[in-house]
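[1] Below is the sequence, then the predicted model.
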There are 2 protein chains.
Amino acid sequence: MSGWLAVAGLGPGSAELITPEVSAVLAEATDIVGYGPYVERVPLQEHQVRHQTDNRQEISRAEDALRLAAAGHKVVVVSSGDPGVFAMAAALFEALEAGDSDWCSLDIRILPGISAMLAASARAGAPLGHDFCCINLSDNLKPWSLIEKRLRLSAQADFAMAFYNPRSKARPEGFVRALEILREACGPDRIIIFARAVYTEQESIRITTLAEATPEMADMRTLVIVGSTQTRLIPFTGRSSEKSSGQSWCYTPRSAS
Amino acid sequence: MSGWLAVAGLGPGSAELITPEVSAVLAEATDIVGYGPYVERVPLQEHQVRHQTDNRQEISRAEDALRLAAAGHKVVVVSSGDPGVFAMAAALFEALEAGDSDWCSLDIRILPGISAMLAASARAGAPLGHDFCCINLSDNLKPWSLIEKRLRLSAQADFAMAFYNPRSKARPEGFVRALEILREACGPDRIIIFARAVYTEQESIRITTLAEATPEMADMRTLVIVGSTQTRLIPFTGRSSEKSSGQSWCYTPRSAS
C-alpha cells in the first residue's frame, strides 16, 4: 500500500504564508480534500482530483480522506491556518479512532501552518508576546458554560486571549455575552483587537478598548485578541504601506510582576 | 529615508518551514540581526552584513536594529519560531517605546513564522485541537509565583498547555516544581509530551504521563505540551518514515462537555 495522508495548513489566506513543506506535498498529491474555499486556494494540477465539501462536514470529509489513502491514493486534506488549532487535524483523529482499525497503520502526517492568531498578532504588533490562551468561542461542540468559565479563569490568570470563531450568524448572542463577561472581568480600558481577514485584500485591523467594542466589530472571518493588564500601545507617527499615521502598534511586554 | 525593519520568524529549524514572505524579505535585506545560531540559518548573501549577538541581549539587539533602519538600512531581525511568541517582536517594541521618538515613524513589519508549539503539536498529532494556553516557564522576566498561579488556573480551566523554555541550566528547579504542581492539579495519568528539537536531525517526540515524567526529559530545546482531561492516544500500528509501530498519535477532540 503506497497511499498516504497529509493534513496541511494553508495559513490565513495569502500564498506567501504557505510553507515550502506544504507546497511540496500539494504538488505530490493525487487527491485534495477540504472545505470548498480552501480547496480553491490550491493551484490546480492535471491528474489531481479535488474533493470539495461543505463547512461543518469535518468528520465525513476526514473519513473520505482516510478511505482514499487506504485505497492507495496520496491525499492532502487542506485546512486554513494551522491544521492543529481548531481545524482539521483533530477531526481527522476523531474519524481515525472511530473508524476502520486498518486506518491506524496509514502513513499520516500533520503539516503545520501559520495560524490566524500568529498572523493577526503580527499585523497588530506583538500582543501575544507574553503568556496567553487561545479559545474557540463557538458553542457548537461544547457548552456555553464552559466558555464562560474559561473566560473568567483566563482573566484571573491575566493571560492575553486569542479568540477563534467569535461570532456565528446562527448564534450571535454568544459574543455579546463574551464581551459582557470580559468587561466585568478585565475592566473597560482593556485593549481588544479585531483582526479581520488578515493577509487578504479585505484585511482590517481595529484596535480599541472593551468599553468601545461592539459585537458587530466581529464576524466569522475575525480573529479577536484581548490584551492582558500589561498590553499597551505605541502610536505610529510615520507612513508605510500597511499603516498610516495615527494608528498604533499594540504589544505585550515580555516581563510581568 | 528608505530604511525599514522586519522582524521575521524562521520557524523551528528546517528551511521547509520558512514562509515565502520571510525568504523574500531576507533576500532584500542589507543587514541581518539576531542571536548567532539563528543568523547562521540564513543563506549568506553578498553585500549583506550579519550582526550576531549573544542570547539574552534582546533589547540591545533591538536598539541596534532600530538604529540601522533609521540610518536607511533594510534590516531583518531574525527570530526562531514565530517572532510574536516569546521572541523578538515584543523586545523590539520595548526598545522602540523606550528609545528615540523618531523611531516611531519607522516602517516596521512583523512577519509570522511557525511557532514551536504548532510544529511540536503536528509531530505528536493534534494535542492543541481544543482550547489551550501557552506559558513561558522561564522566571527570568516574571516572578515564579505568577507562573504557579497560571499553572493552577490553567488546570482549573482544563486547557491543554504548551510550555516554552521549560528548563534552564541556571535554574533547573523551576521545572521540577512545575511538574509537582501539574501532578497535583491534573493527576498522575494526564498526558505530557516532550517534543525536542522538532524539525531538526535531533528531533525526538516522547509521549508519556505526568506520573512517568521526569525533569530530565526537558531541556531548553524542548517544547512541553500537557493535555487536557480530554486528550487521548491512538496507537499507530503501521510503519512510516517518521513513526514506528507501537508509537501513538496524541490528540485532543474538538468537543468537550
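    Yes, it's here. Numbers count the residues shown, from 1 in each chain, chains lettered A, B, ... in the order given.
[2] Residue A:119 belongs to a helix?
    Yes. Counting by DSSP: H, G, I helix; E, B strand; the rest coil, residue A:119 falls inside a helix.
[3] And for it, the neighbour number?
    Here the number of neighbours of residue A:119 (other CB atoms under 10 Å in any protein chain shown) works out to 27. From N, CA and C alone the C-beta is placed, and that goes for glycine too.
[4] give the contact list for it.
    For residue A:119, the contacting residues are A:11, A:12, A:17, A:195, A:198, A:199, A:223, B:112, by CB atoms under 8 Å, 6 or more residues apart in numbering or on different chains.
[5] Just send those residues back as a markdown table, with neighbour count, distance to residue A:103 and pLDDT too.
    What follows is the contacts of residue A:119, written out as a markdown table (neighbours: other CB atoms under 10 Å in any protein chain shown; distance: CB to CB, whole Å; pLDDT from 0 to 100):
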| residue | neighbour count | distance to residue A:103 | pLDDT |
| --- | --- | --- | --- |
| A:11 | 29 | 28 | 98 |
| A:12 | 27 | 30 | 96 |
| A:17 | 26 | 31 | 98 |
| A:195 | 28 | 37 | 97 |
| A:198 | 28 | 35 | 96 |
| A:199 | 21 | 34 | 96 |
| A:223 | 27 | 33 | 98 |
| B:112 | 33 | 33 | 98 |
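[6] tell me which element residue A:234 is part of?
    Here residue A:234 is covered by strand A:232-235, with elements defined by DSSP states H and E.
[7] mean confidence for the following helix or strand past that strand?
    Using DSSP H and E, the next helix or strand after strand A:232-235 towards the C-terminus is strand A:248-251. Strand A:248-251 carries an average pLDDT of 96.
[8] which other helices and strands contact strand A:248-251?
    If you count contacts as 3 or more CB pairs under 8 Å, 6 or more residues apart in numbering or on different chains; DSSP states H and E, strand A:248-251 packs onto strand A:125-126, strand A:232-235, helix B:88-98.
[9] now, of the ones you listed, which is deepest in the fold?
    strand A:125-126 (a mean of 30; mean count of other CB atoms under 10 Å in any protein chain shown).
[10] On the pLDDT front, check the nearest residue to residue A:255 once chain neighbours are set aside for me.
    Nearest residue to residue A:255, sequence neighbours excluded (CB to CB, 6 or more residues apart in numbering or on different chains): residue B:141, at 3.8 Å. You'll see residue B:141 listed with a pLDDT of 93.
[11] got a list of what residue B:141 touches?
    Going by CB under 8 Å, 6+ apart, residue B:141 touches A:254, A:255, A:256.
[12] same question, residue A:157
    Applying CB under 8 Å, 6+ apart, we find residue A:157 in contact with A:131, A:133, B:133, B:149, B:150, B:153, B:154, B:157.
[13] Can I have the buried ones of these as a PyMOL selection?
    Applying 16 or more other CB atoms under 10 Å in any protein chain shown to these leaves a buried subset, and the PyMOL line that selects it is:
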select buried, (chain A and resi 131+133) or (chain B and resi 133+150+153+154+157)
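[14] Go ahead and confirm residue A:165 touches residue A:222.
    No. The criterion here is CB atoms under 8 Å, and residue A:165 misses it with residue A:222 at 9.1 Å.
[15] hmm, back to that, same question for the strand holding residue A:234, mean pLDDT?
    Here strand A:232-235 scores 96 as its mean pLDDT.
[16] elements contacting it?
    Using 3+ CB pairs under 8 Å, 6+ apart, strand A:232-235 sits against strand A:248-251, helix B:88-98.
[17] Of all these, which one comes closest to residue A:48?
    Among those, the nearest to residue A:48 by CB to CB is helix B:88-98 (37.6 Å).
[18] quick one: the strands in the stretch 1-150 of chain A?
    Counting by DSSP state E, counting those that start in this stretch, one finds strands in the stretch 1-150 of chain A at the ranges A:4-9, A:31-35, A:49-53, A:74-79, A:108-111, A:125-126, A:132-136.
[19] Run the angle between the second one and strand A:4-9 for me.
    Between strand A:31-35 and strand A:4-9, the angle formed by their directions is 40 degrees, by axes from the mean of the first three to the mean of the last three CA atoms, to 10 degrees.
[20] What of the third one?
    Here strand A:49-53 points in a direction 60 degrees away from that of strand A:4-9 (the same axes, to 10 degrees).
[21] Would you mark the buried spots in strand A:49-53?
    Residues of strand A:49-53 classed as buried by neighbour count (16+ other CB under 10 Å): A:50, A:51, A:53.
[22] between that strand and strand A:74-79, how many degrees?
    Taking the same axes, to 10 degrees, one finds strand A:49-53 and strand A:74-79 inclined to each other by 30 degrees.
[23] swap in the first one?
    In this structure, strand A:4-9 runs at an angle of 20 degrees to strand A:74-79, with the same axes, to 10 degrees as the basis.
[24] And the average pLDDT for strand A:4-9 is what?
    If you average the pLDDT over strand A:4-9, you get 98.
[25] Equivalent analysis for the second one, please.
    Average pLDDT, strand A:31-35: 97.
[26] how close does the residue lying closest to residue A:158 once chain neighbours are set aside get to residue B:233?
    With sequence-adjacent residues excluded and distances taken as CB to CB, 6+ apart, residue A:158 is closest to residue A:228, at 5.0 Å. According to CB to CB, to the nearest Å, residue A:228 and residue B:233 sit 33 Å apart.
[27] Next: residue A:121.
    Distance, residue A:121 to residue B:233, using CB to CB: 31 Å.
[28] For residue A:53, give me the pLDDT.
    If you check residue A:53, the pLDDT there is 87.
[29] that older thread, which one among the buried residues of strand A:49-53 gets closest to chain B?
    residue A:53 (16.4 Å; CB to the nearest CB).
[30] pretty sure the closest one is in contact with residue A:38, am I right?
    No. Residue A:53 is beyond contact range of residue A:38, at 10.0 Å (criterion: CB under 8 Å).
[31] rewinding a little: how about the helices and strands packed on strand A:248-251 in TSV, adding distance to residue B:170?
    TSV is the format used below for the helices and strands packed on strand A:248-251 (distance: least, CB to CB, whole Å):
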stretch	distance to residue B:170
strand A:125-126	25
strand A:232-235	29
helix B:88-98	19
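[32] residue contacts, the nearest residue to residue A:95 once chain neighbours are set aside?
    Sequence neighbours aside, residue A:62 is the residue nearest to residue A:95 in space, at 3.7 Å (criterion: CB to CB, 6+ apart). By CB under 8 Å, 6+ apart, residue A:62 lies in contact with A:77, A:88, A:91, A:92, A:94, A:95, A:96.
[33] For residue A:94, give its distance to chain B.
    The gap separating residue A:94 from chain B is 6 Å, by CB to the nearest CB, to the nearest Å.
[34] Many thanks, have a good one.
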